[in-house]
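Asker: Compute the structure for the input listed below.
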Amino acid sequence: ALSGMTLGFSTMYMLYTSVITGLLTASDTLSPQAFGLQKYGEVGIIAIRSLIVSLVYFLIPLPLVWLGLQSFLLSFGQDEETVEKAASFLRLSIPSIPFYIIYAVAWKFFSAQEVVYPIVYSSSVSSCIFLPMVLYLFGPTMSFEEVM
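Answerer: Prediction:
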């Protein structure tokens with residue numbers, strides 16, 4: 001169970017989180033420049049463009065990658081049970097990706113304007129609510145109770 005979750009988390013980070021973070025890195029440079037030049041509308045336009053590009057990446061190529069992921073992992077000699085657990089973990093984590101994109105874009109948007117407290121507070125509250133809920137709802141069904 002631990003190896004399946006580790007493989008699933010590593011795959012999720014490699015395919016989703018790192019690529020989306022890389023896509024949004026351009027707004028780290030462009031948004032503060034626009035804000036410094038007092039082009040406040042441009043900061044919003046950059047955030048909207050970042051959101052659209054990230055969501056297009058999430059909606060178009062990732063489902064295609066997802067279709068061949070299990071056979072791809074098996075071709076590298078991974079254990080079949082481990083790959084099934086990783087696929088199960090990824091299936092459950094995929095609905096969180098659009099929310100991660102929204103969070104990352106909002107973080108870039110607010111940090112360009114030097115406003116960080118709303119993101120810190122919302123992250124803290126959502127973590128305190130969401131993480132225990134996920135562990136309660138999905139932990140037993142995914143058979144990860146040996147890990148906890």
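Asker: what's the longest helix in this structure?
Answerer: Assignment by DSSP state H gives helix 117-138 as the longest helix of the chain.
Asker: so what secondary structure elements neighbour the helix or strand residue 83 falls within?
Answerer: For residue 83, the element it lies in under DSSP states H and E is helix 80-93. When contacts are defined as 3 or more CB pairs under 8 Å, 6 or more residues apart in numbering; DSSP states H and E, helix 80-93 packs onto helix 2-12, helix 69-75. To be clear about C-beta, it is placed using only N, CA and C from the backbone, and glycine gets the same treatment.
Asker: Turn the ones you listed into TSV, including distance to residue 21, mean pLDDT and mean neighbour count.
Answerer: Formatted as TSV, the helices and strands packed on helix 80-93 follow (distance: least, CB to CB, whole Å; pLDDT from 0 to 100; neighbours: other CB atoms under 10 Å):
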stretch	distance to residue 21	mean pLDDT	mean neighbour count
helix 2-12	13	81	17
helix 69-75	20	83	14
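Asker: With distance to residue 112 added, can I get those in CSV?
Answerer: Output for the helices and strands packed on helix 80-93, formatted as CSV (distance: least, CB to CB, whole Å):
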stretch, distance to residue 112
helix 2-12, 27
helix 69-75, 35
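Asker: can you tell which of those helices is closest to residue 105?
Answerer: Of all those, helix 2-12 sits nearest to residue 105, with 18.8 Å by CB to CB.
Asker: Alpha carbons of the worst-scoring helix or strand of the chain on mean pLDDT, as PDB, please.
Answerer: Between all helices and strands in the chain, the lowest mean by mean pLDDT, DSSP states H and E belongs to helix 61-67, at a mean of 74. What follows is helix 61-67, C-alpha atoms only, in PDB (Å, rounded to 0.1, in the frame of the first residue of the first chain):
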ATOM      1  CA  PRO A  61      -3.000  16.300 -22.700                       C
ATOM      2  CA  LEU A  62      -3.400  14.900 -19.200                       C
ATOM      3  CA  PRO A  63      -6.300  12.600 -19.900                       C
ATOM      4  CA  LEU A  64      -4.400  11.200 -22.900                       C
ATOM      5  CA  VAL A  65      -1.400  10.500 -20.600                       C
ATOM      6  CA  TRP A  66      -3.700   9.100 -18.000                       C
ATOM      7  CA  LEU A  67      -5.000   6.500 -20.500                       C
END
